[in-house]
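> When you get a sec, could you give me coordinates for this:
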Amino acid sequence: MITSEIPLLPMITEERAFNILQLEATATTAEIVARYEILKDQYRRIKDETEDLRTRLAYQLKQIELDDVFIYLRRKQRI
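Numbers count the residues shown, from 1 in each chain. Down below sits the predicted model:
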């Protein structure tokens, strides 16, 4: 079954969001946005530079997770 092979991303919480960004919960809007952009660029470069399909997929999933964090924090009016 295909769905059992694809790991489901757990629901984003505020604690998990800051964990993913590797920031303290007291981070400012500027720090959150800067960290998001740094990680997004880093993940994109790794994904683009690798030939290994598993690594490409893993970093594509990290990018999606990062976007989910950004959307979550925006909805919570943290950014």
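> Would you state the strands of this protein in chain order?
In the chain, no segments count as strands under DSSP state E.
> pull the longest helix from the protein.
For the chain, the longest helix by residue count, based on DSSP state H, is helix 53-75.
> So for it, what gets flagged as buried?
For helix 53-75, the neighbour count (16 or more other C-beta atoms under 10 Å) marks A58, Y59, K62, Q63, E65, L66, D68, V69, F70, Y72, L73 as buried. The way it works is simple: take the backbone N, C-alpha and C, and place the C-beta from them, glycine included.
> pLDDT and distance to E31 added to these, as CSV?
Listed next are the buried residues of helix 53-75 as CSV, based on pLDDT from 0 to 100; distance: C-beta to C-beta, whole Å:
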residue, pLDDT, distance to E31
A58, 95, 26
Y59, 96, 23
K62, 96, 20
Q63, 96, 20
E65, 96, 19
L66, 97, 15
D68, 96, 19
V69, 97, 14
F70, 96, 13
Y72, 96, 16
L73, 96, 11
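> Alright, I will stop here.
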